[in-house]
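Enquirer: Using only what follows, build the 3D model:
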Amino acid sequence: MAKRRSNMYGKKRKINYGRIILLVALLILLIFIGLNIFRRNDYTSKIEEVLNSEIVGIAGTISNISGVDTNVYSNNGISYTNQNDGIKKINSFDVTFPSDLQKTNTVKLLLEKLAEVQEYELVSNLPKKENGYYWLDVNFLVEDNLLIFKNSDDYNFDLYYDIEDEKIYVKEKYYDEFSKKNNNLKLKGYKADEELKNLILELAND
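Expert: Residues are numbered from 1 along each chain as shown. From the prediction side, this is the model:
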């Protein structure tokens with residue numbers, strides 16, 4: 001009786017690429033969630049994070065304002081701020097214009113130096129003053145790599161310089177510009193040294 005020949009190679013198994021792609025996508029999602037959970041949300045730490053990233057665009061304004069209102073309001077579902085009320089003078093800058101390169105470099109240096117000065121005080125609000133404030137509103141466009149993906153993020157930072165008392169104020173935490181969480185935050189004050197003061201005046205008086 002002849003023996004039955006066995007199939008040495010057997011059947012080829014089909015690879016389920018859809019399932020593999022799904023598992024990879026879930027892994028990336030879990031890594032992304034983990035990074036966000038443990039990422040510090042301190043305002044000055046967020047500035048340092050951006051300055052250490054690949055910056056592809058910088059644009060903003062520095063304004064002379066009579067008072068500071070950092071609250072976010074809502075009307076018929078539309079969020080807005082009163083930041084632009086009481087502006088006396090405004091200077092703008094954009095890294096895409098060659099003539100503004102010096103200004104954008106000054107902005108970067110100003111933010112770098114801010115991380116080096118000691119926190120002075122914590123306040124709930126900034127009152128209107130005769131000399132007012134300089135308000136630096138700056139946007140950074142940065143690129144980073146998440147595994148094999150290139151990602152672009154936009155960050156908005158606001159700094160308020162008390163002209164009379166020579167102090168710089170920023171929020172305690174970093175949130176989206178129109179986040180209602182901003183209304184529950186205090187402002188951290190830093191005593192501006194001579195270098196910081198000169199950088200602010202350079203931007204304001206240019």
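Enquirer: partners of the host helix or strand of Tyr169 in the sheet?
Expert: Using DSSP states H and E, Tyr169 maps to strand 167-171. Take DSSP bridges as the rule and strand 167-171 pairs in its sheet with strand 149-162 (antiparallel), strand 187-191 (antiparallel).
Enquirer: what ranges do the strands span in this structure?
Expert: 54-65, 72-75, 78-81, 87-94, 119-123, 133-146, 149-162, 167-171, 187-191 (DSSP state E).
Enquirer: Now do the contacts for the residue minimising distance to the centre of the chain.
Expert: Nearest to the geometric centre of the chain sits Tyr155, at 3.1 Å (Cα atoms, centre = their mean). Tyr155 sits next to 46, 50, 139-140, 142, 174 when contact means Cβ atoms under 8 Å, 6 or more residues apart in numbering. C-beta here means a position set from N, CA and C on the backbone, and glycine is covered the same way.
Enquirer: Mind checking the strands of the chain for the one nearest to Thr104?
Expert: Taking Cβ to Cβ, strand 54-65 is the member of the strands of the chain nearest to Thr104, at 4.4 Å.
Enquirer: And for stretch 42-58, what's in contact with it?
Expert: 40, 93-96, 104, 107-108, 111-112, 114-115, 138-144, 152, 155, 157, 170-174, 188.
Enquirer: cutoff 6 Å now
Expert: The set of residues external to stretch 42-58 that reach it, using Cβ atoms under 6 Å, 6 or more residues apart in numbering, is 95, 104, 111, 115, 140-144, 155, 170-171, 173-174.
Enquirer: Likewise for stretch 62-78?
Expert: Here stretch 62-78 has contacts from 79-82, 86-91, 126, 128, 132-136, 160, 178, 180, 182-183, 203-204, using Cβ under 6 Å, 6+ apart.
Enquirer: on that earlier part again, how about the contacts of stretch 42-58 in JSON lines, adding distance to Gly60?
Expert: Output for the contacts of stretch 42-58, formatted as JSON lines (distance: Cβ to Cβ, whole Å):
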{"residue": "Val95", "distance to Gly60": "10"}
{"residue": "Thr104", "distance to Gly60": "9"}
{"residue": "Leu111", "distance to Gly60": "11"}
{"residue": "Ala115", "distance to Gly60": "18"}
{"residue": "Phe140", "distance to Gly60": "9"}
{"residue": "Leu141", "distance to Gly60": "11"}
{"residue": "Val142", "distance to Gly60": "14"}
{"residue": "Glu143", "distance to Gly60": "19"}
{"residue": "Asp144", "distance to Gly60": "21"}
{"residue": "Tyr155", "distance to Gly60": "11"}
{"residue": "Val170", "distance to Gly60": "14"}
{"residue": "Lys171", "distance to Gly60": "16"}
{"residue": "Lys173", "distance to Gly60": "20"}
{"residue": "Tyr174", "distance to Gly60": "16"}
